[in-house]
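*Asks:* my questions concern the predicted model and sequence given below.
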Amino acid sequence: QKVIEMLNVSFLKNVGNFALDVSFVVDSGILVLFGPSGSGKSLTLQIISGLIKPDKGFIKLNNDSFFDSANGINLPINKRGVGYVLQDYALFPHMTVFENIAYGIRKGGKAEVNKNIAELQKFLRLEGTEGLYPHQLSGGQKQRVAIARAIASEPAVLLLDEPLAALDYPVRSKIRNDLIAIHKRFRIPTIVVTHDIEEAFVLGDRIAVIEEGRIEQIGSRYEVFYKPATRKVARLLAVKNIFDAVVKKVSSKGLAATVESDGFSITVNSKDNLKAGDNIEFCIRPEDIKIQKAKGARLKAKGSKENIVSAKVFDIQEKGLVHTIFAGISDDDYLFQINLPNSTYRRLSLKKGKKIKISLPKELVWVIPCRLADEQTFI
Ligand code: ADP
Ligand code: MG
């Protein structure tokens, strides 16, 4: 069995007014680099590949340095063994599929190369396309050829920069599965850049959230989605319901706290030594707020555990896959965004102005831990 490779990077780079300052490790799972446009994702990949030289830092694969400013090491691109796939395919237009894939292969006799290419074609659902030219391929096929070419070189590291962004939805979800299959088979450190939330969740065994050249949080898909470290991460991952609140009371064992926000009060888990008077932020994903069915009496009995809040439907947005309910306490604005599957929406027969009871289940409410750290950066 092959030893699991580990990519370890830590570098600084200033380009114009933009400062990139990142450190992270990529192990056996796919790392998704997720962030808004202009946050430094492509620059990070360009630096790892060797296209751009960082000002300072290191890039190591296990004990081999690709770059190390302390020791004056800077391996050229072709010595790094990095497979690099771009959003816009970048195939050679005058070469066939076979020639494009073969371009990446560096060793082996003719028979072996043919066999490798046939295998890659099969693996990436490209059988029968070997004689075609890029202009004769669909977008999805082109991108699969680009991926085949990148892995044909048996790279030690695979970097994919928004590889699916230009493709239609059904094609995208199929190639996602291809990427997961490739990763399972080759088990090399893999970084996928995306600004698509669903893609980040599906592909990212771990997700690094980057904004303005800095990693805001790195963790499992569940940590990043449900336990954002900062308000920024919560915002970037579309948590939507983010509240400022004050701690009113802490339970005798210190495990729960009653907190008061703008016009409502709930109970949250308290593992962070919360005390009365503390200012906190908490959040809950729009998929995790529940709307109670009309008959409220029975539900009321379960009481505070369910964190029930009386509210009013402020607006309803039909989004195709879900309905988003905007609910408020006062009439002039909304506080909560709730995503309901369409079937649930139909059962509830909601309309604007209707009084509802919503519940914010305690185990799904997350107290954002880094408020103090956020504030200190502004002092
Ligand atoms: P992303 O891929 O996350 O959208 P990029 O990594 O391409 O963002 O760019 C990050 C920032 O660095 C942007 O503000 C961009 O304008 C700037 N930038 C990237 N490459 C260069 C360059 N070669 N020269 C000057 N600025 C650059
Ligand atoms: Mg980019």
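*Replies:* Nice, I can see it. Numbers count the residues shown, from 1 in each chain. Ligands and ions are numbered 1, 2, ... in the order given.
*Asks:* what residues does this structure put near ligand 1?
*Replies:* 15, 16, 18, 35, 37, 38, 39, 40, 41, 42, 43 (C-beta under 6 Å from any ligand atom). (Each C-beta comes from the backbone N, C-alpha and C, glycine too.)
*Asks:* write the ChimeraX selection for whichever of these are buried.
*Replies:* Selection of buried members from the residues of the chain next to ligand 1 for ChimeraX, criterion 16 or more other C-beta atoms under 10 Å:
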select :35,39,40,41,42,43
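*Asks:* secondary structure and pLDDT added to the residues of the chain next to ligand 1, as CSV?
*Replies:* Below are the residues of the chain next to ligand 1 laid out as CSV (DSSP: H, G, I helix; E, B strand; the rest coil; pLDDT from 0 to 100):
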residue, secondary structure, pLDDT
15, strand, 97
16, coil, 96
18, strand, 98
35, coil, 97
37, coil, 95
38, coil, 96
39, coil, 97
40, coil, 98
41, helix, 98
42, helix, 97
43, helix, 98
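*Asks:* in the residues of the chain next to ligand 1, find the pair that's most separated.
*Replies:* 16 and 35 (18.2 Å; C-beta to C-beta).
*Asks:* quick check: the gap between the closest residue to residue 263 other than its chain neighbours and residue 292.
*Replies:* Spatial nearest neighbour of residue 263, excluding adjacent residues (C-beta to C-beta, 6 or more residues apart in numbering): residue 329 at 4.4 Å. Residue 329 sits 15 Å away from residue 292, going by C-beta to C-beta, to the nearest Å.
*Asks:* strands along the stretch 201-350 of the chain, start to end?
*Replies:* For the stretch 201-350 of the chain, the strands defined by DSSP state E, counting those that start in this stretch occupy 206-211, 214-220, 241-250, 256-261, 264-269, 279-284, 290-291, 308-318, 322-328, 336-341.
*Asks:* for those strands, which one ends up most surrounded?
*Replies:* When those are scored by mean count of other C-beta atoms under 10 Å, the highest mean neighbour count falls to strand 206-211 (a mean of 24).
*Asks:* what strands flank it, and is each parallel or antiparallel?
*Replies:* strand 30-34 (parallel), strand 214-220 (antiparallel) (DSSP bridges).
*Asks:* could you check how far it is from the centre of its chain?
*Replies:* Distance of strand 206-211 from the chain centroid (C-alpha atoms, centre = their mean, to the nearest Å) equals 6 Å.
*Asks:* show me the contact partners of it.
*Replies:* With C-beta atoms under 8 Å, 6 or more residues apart in numbering as the test, strand 206-211 has contacts from 22, 24, 27, 29-36, 39-41, 44, 200-201, 215-221, 224, 232-233, 236-237.
*Asks:* I figured residue 216 was touching residue 234, is that so?
*Replies:* No: in this structure, residue 216 is not within contact of residue 234 by C-beta atoms under 8 Å, at 10.0 Å.
*Asks:* let me see the contact set for the residue nearest to residue 263.
*Replies:* 262, 263, 264, 309, 310, 311, 312, 335.
*Asks:* so what pLDDT did the closest residue to the last one other than its chain neighbours get?
*Replies:* Going back to what we said before, that points to residue 335. Nearest non-adjacent residue to residue 335, counting by C-beta to C-beta, 6+ apart: residue 328, 5.3 Å away. pLDDT for residue 328: 96.
*Asks:* I'd like the numbering to begin with 845 instead of 1 from here.
*Replies:* Taking 845 as the first residue, the last one we looked at is residue 1172.
*Asks:* next, residue 1164: phi, psi?
*Replies:* phi 90, psi -70 (degrees, to the nearest 10).
*Asks:* quick one: it from residue 1191, how far?
*Replies:* Residue 1164 is 18 Å from residue 1191, by C-beta to C-beta.
*Asks:* between those two, who's got more neighbours?
*Replies:* More crowded of residue 1164 and residue 1191, by other C-beta atoms under 10 Å: residue 1191, with 12 against 6.
*Asks:* now the more buried one, nearest residue through space, not along the chain?
*Replies:* Once flanking residues are discounted, residue 1191 sits nearest to residue 1137: 7.7 Å by C-beta to C-beta, 6+ apart.
*Asks:* wait, the one you found touches residue 1194, no?
*Replies:* No: using C-beta under 8 Å, residue 1137 makes no contact with residue 1194, being 11.0 Å away.
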